[in-house]
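# with the input below, show me the fold.
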Amino acid sequence: MQLGSFVVPAGAVLNLCGSGVYAVRTLRGSVRPNPVTRLLWAIAPGVAFAAQLAHHVSRPALTTLSVGLGPLLVFLCALSRPGFRSTRPTPAELCCAVISLGALVGWWITADPDTALALSILADGCAAVPTVVKCHRHPETEDRTVYALTALSSALTLATLPTWTFTAAGFSCYLLTLCGTLLVLLRRLPESSDLGTLRP
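As a prediction, this is how the structure comes out:
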């Protein structure tokens, strides 16, 4: 039995566990995610997941799928918070939404998995910009757990790839880079704040 048969699904579960922790803390008010950003983070991996399936990429696609389902859960939890329901998207967020939808249209028109995957990475990266800025300016509103587990999940996926191709490794490489950046920005966050509760 190949190692990837166990490691990649385990990494996907770790990723979902991190998102679950983040979702619970969103409900408690200890973290304040941007609901629009989280929705875009669910859309872009969905495009990447479809591209990987079209290219017959099996196990690495589990990581991509879990990356999309986690933010969707956080988005739904954020909507249940009274303050988030009145949040209006900024022009930058609307631009990211257009890019994400453009990735879907590009996938439909070109039917080229590599192009769709590249567009999904671009869309996901644009959606990440507000959170990167927030981690730098207001680290107390974030939580390291989800980013640490997503980085670990991506690293496990990359470690089990028999052959590195853009379709198989591209999204995991991007996630590892993004989460590493966020963790560096959150290095100033006290350990106790991961479990603390802020007023909503």
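# CA atoms for contacts and neighbours, from now on please.
Fine.
# test my guess that residue 144 contacts residue 184.
No. Residue 144 lies out of contact with residue 184 (C-alpha atoms under 8 Å); the separation is 9.9 Å.
# more crowded one of the two?
Set residue 144 next to residue 184 and count neighbours by other C-alpha atoms under 10 Å: residue 144 wins out with 22 against 13.
# where does the protein have low pLDDT?
For the chain, applying pLDDT under 70 flags the ranges 1-5, 57-58, 60, 83-87, 100, 104, 107-108, 111, 189-200.
# list the contacts of residue 176.
150-152, 154-155 (C-alpha atoms under 8 Å, 6 or more residues apart in numbering).
# and it, what element?
helix 166-185 (DSSP states H and E).
# tell me which residues in that helix are buried?
For helix 166-185, the neighbour count (16 or more other C-alpha atoms under 10 Å) marks 167-176, 178-180, 182-183, 185 as buried.
# closest to residue 45 out of those?
Using C-alpha to C-alpha, residue 171 is the member of these that sits closest to residue 45, with 8.3 Å.
# Three-state assignment for the closest residue to the closest one other than its chain neighbours, please.
Nearest residue to residue 171, sequence neighbours excluded (C-alpha to C-alpha, 6 or more residues apart in numbering): residue 121, at 6.6 Å. In three-state terms, and counting by DSSP: H, G, I helix; E, B strand; the rest coil, residue 121 is helix.
# any idea how far residue 113 is from residue 121?
Per C-alpha to C-alpha, to the nearest Å, residue 121 is found 12 Å from residue 113.
# and for residue 127?
Counting by C-alpha to C-alpha - residue 127 and residue 113 are separated by 21 Å.
# looking at the two, which is more packed in?
residue 127 (26 against 22).
# which other helices and strands contact the strand or helix carrying the more buried one?
Counting by DSSP H and E, the element that carries residue 127 is helix 113-137. With contacts defined as 3 or more C-alpha pairs under 8 Å, 6 or more residues apart in numbering; DSSP states H and E, helix 113-137 has these neighbours: helix 35-54, helix 91-110, helix 166-185.
# next up, the contacts around residue 97.
Contacts for residue 97 were tallied using C-alpha under 8 Å, 6+ apart; they are 40, 123.
# for residue 81, see how far away it is.
22 Å.
# repeat for residue 38
Distance of residue 38 to residue 81, given as C-alpha to C-alpha: 14 Å.
# between these two, tell me which one has more neighbours.
Just comparing residue 38 and residue 81: by other C-alpha under 10 Å the higher neighbour count belongs to residue 38, 23 against 16.
# that one and residue 71 touch, don't they?
Yes. Counting by C-alpha under 8 Å, residue 38 does reach residue 71; the two are 5.1 Å apart.
# can you give me the neighbour number for residue 136?
For residue 136, using other C-alpha under 10 Å, the count is 16.
# what sits against it?
185-186.
# so how far is residue 77 from it?
In terms of C-alpha to C-alpha, residue 136 sits 24 Å off from residue 77.
# sounds good, over and out.
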